[in-house]
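Chemist: Show me how the following folds:
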Amino acid sequence: MDSHNAAYLAGLIDGEGSFGIYYNGLGTFAARLTIAMTKKKPLLWVKKVVGFGSFVLYKPKNKKHAFRWVYSVRSKQAVTVALLVLPYLRLKKPHAENLIRFQSGLKPYKRISRTEYRRRLKHIKIARILNKRGR
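Modeler: Numbers count the residues shown, from 1 in each chain. Next up, the predicted model:
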């Protein structure tokens, strides 16, 4: 991806994106990047330049609101995108850095130690603080 596309993608993420770390309660942790918009066309462009990702269309709960498209990537793919746009991010740079640190510390084994569990929860806590409305 060239620097112009990376900068444009960083702008979309700063404006409409979210870096998160999620825990399903059953021992699975996942890093995720999402971009939500009411128009699908910009998200098709994102998938084209990035080369991966998926879409979901969400129906609004309130009839006055529009449908929204959500592009998402998880785990290593989320880190790949975060690393591409990191130099150009303005608002979401700390979010991306937290996601990269979280994912880089994962080890490919089934059971995790208490220390590793606490480390993962710490990153989730940081992500929640960073993603709090108004930040």
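Chemist: Now the residue positioned nearest the centre of the chain: which helix or strand?
Modeler: The chain has residue 33 as the residue nearest its centroid, 1.5 Å off, counting by CA atoms, centre = their mean. Residue 33 is part of strand 29-37 when elements are defined by DSSP states H and E.
Chemist: For that strand, buried residues please.
Modeler: Within strand 29-37, the residues that count as buried by 16 or more other CB atoms under 10 Å are 29, 31-35, 37. Where you see a C-beta, it was placed from the backbone N, CA and C, and this is true even at glycine.
Chemist: so what's residue 42 closest to, chain neighbours aside?
Modeler: residue 12 (6.5 Å; CB to CB, 6 or more residues apart in numbering).
Chemist: Which neighbouring elements make contact with the lowest-mean-pLDDT helix or strand in the chain?
Modeler: Using mean pLDDT, DSSP states H and E, helix 114-131 stands out as the lowest-scoring helix or strand of the chain, at a mean of 88. With contacts defined as 3 or more CB pairs under 8 Å, 6 or more residues apart in numbering; DSSP states H and E, the packing partners of helix 114-131 are strand 17-23, helix 93-104.
Chemist: Centre of the chain to it, how far?
Modeler: Distance of helix 114-131 from the chain centroid (CA atoms, centre = their mean, to the nearest Å) equals 15 Å.
Chemist: Show residues contacting it.
Modeler: If you take CB atoms under 8 Å, 6 or more residues apart in numbering as the criterion, helix 114-131 is touched by 18-23, 29, 94-95, 98-99, 101-102, 105, 107, 112, 135.
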